[in-house]
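Enquirer: structure for the following, please:
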Amino acid sequence: MEDLSLHILDIVVNSIRAAAKNVYIYFKFQRKGDGLIIEIIDDGEGMDEELTEKIKNPFFTSKEGKKFGLGIPFLKQSAEETGGFLEIESEKGKGTKIKAFFHKDHIDMKPLGDIEKTIEILQATNPDINIFFEVEECHF
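Expert: Model (predicted):
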């Protein structure tokens, strides 16, 4: 994936497939420093601990008819290439939280892409889903 907006699109589409009715997307920029946190939180089906670990493997997918699941592994790789990390918290029946930390000044940092258009497309194609987007400056 060429930019972070495509990662967000992929993760949110997965949230919607997991029956989420509410998806929250947060961009948290470090006030002093080069940190960027992207969090995507949904109220979908959620996953047990075993599945939460499996989805980090590109040779695993829960989608029928597919052999690979590259969305989460590519996001993880993009974060790690900047010296960052990816965390996934999920509980069956309660939803999922994906948190990716990036060092935005790192040479391997992917561009943000057209985040506004991505959110607009997600909202237009999924009118029954509440998609919230927030940008904030933080101390972390």
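Enquirer: what's downstream of the worst-scoring helix or strand of the chain on mean pLDDT, the next helix or strand?
Expert: Averaged element by element with mean pLDDT, DSSP states H and E, the chain has its least confident helix or strand at helix 49-54 (a mean of 87). Using DSSP states H and E, the helix or strand that follows helix 49-54 in sequence is helix 71-81.
Enquirer: quick check: buried residues in that following helix?
Expert: Of the residues in helix 71-81, 71, 72, 73, 74, 75, 76, 78, 79 count as buried by neighbour count, 16 or more other C-beta atoms under 10 Å. In short, each C-beta sits where N, CA and C put it, glycine included.
Enquirer: got it, and stretch 88-104?
Expert: 88, 90, 95, 96, 97, 98, 99, 100, 101, 102, 103.
Enquirer: chain center to stretch 37-44, what's the gap?
Expert: Stretch 37-44 has its C-alpha centroid displaced from the chain centroid by 6 Å (C-alpha atoms, centre = their mean, to the nearest Å).
Enquirer: so what touches it?
Expert: Stretch 37-44 is contacted by residues 4, 7-8, 11-12, 15-16, 18-28, 94-102, 138, 140 when judged by C-beta atoms under 8 Å, 6 or more residues apart in numbering.
Enquirer: against which helices or strands is the longest helix along the chain packed?
Expert: Taking DSSP state H as the assignment, the helix of the chain that covers the most residues is helix 4-17. Where contact means 3 or more C-beta pairs under 8 Å, 6 or more residues apart in numbering; DSSP states H and E, helix 4-17 is packed against strand 22-30, strand 35-42, helix 71-81, strand 95-103, helix 115-125.
Enquirer: got the angle for that helix vs helix 115-125?
Expert: Using axes from the mean of the first three to the mean of the last three C-alpha atoms, to 10 degrees, the direction of helix 4-17 lies 20 degrees away from that of helix 115-125.
Enquirer: how about helix 4-17 as PDB, C-alpha atoms only?
Expert: Output of helix 4-17 as PDB, limited to C-alpha atoms (Å, rounded to 0.1, in the frame of the first residue of the first chain):
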ATOM      1  CA  LEU A   4      -1.700   5.400   5.000                       C
ATOM      2  CA  SER A   5      -5.100   6.400   3.700                       C
ATOM      3  CA  LEU A   6      -5.200   3.000   1.900                       C
ATOM      4  CA  HIS A   7      -4.400   1.200   5.100                       C
ATOM      5  CA  ILE A   8      -7.200   3.000   6.800                       C
ATOM      6  CA  LEU A   9      -9.600   2.100   4.000                       C
ATOM      7  CA  ASP A  10      -8.700  -1.600   4.300                       C
ATOM      8  CA  ILE A  11      -9.000  -1.700   8.100                       C
ATOM      9  CA  VAL A  12     -12.400   0.100   8.100                       C
ATOM     10  CA  VAL A  13     -13.700  -2.200   5.400                       C
ATOM     11  CA  ASN A  14     -12.700  -5.200   7.600                       C
ATOM     12  CA  SER A  15     -14.500  -3.500  10.600                       C
ATOM     13  CA  ILE A  16     -17.700  -3.200   8.500                       C
ATOM     14  CA  ARG A  17     -17.400  -6.900   7.400                       C
END
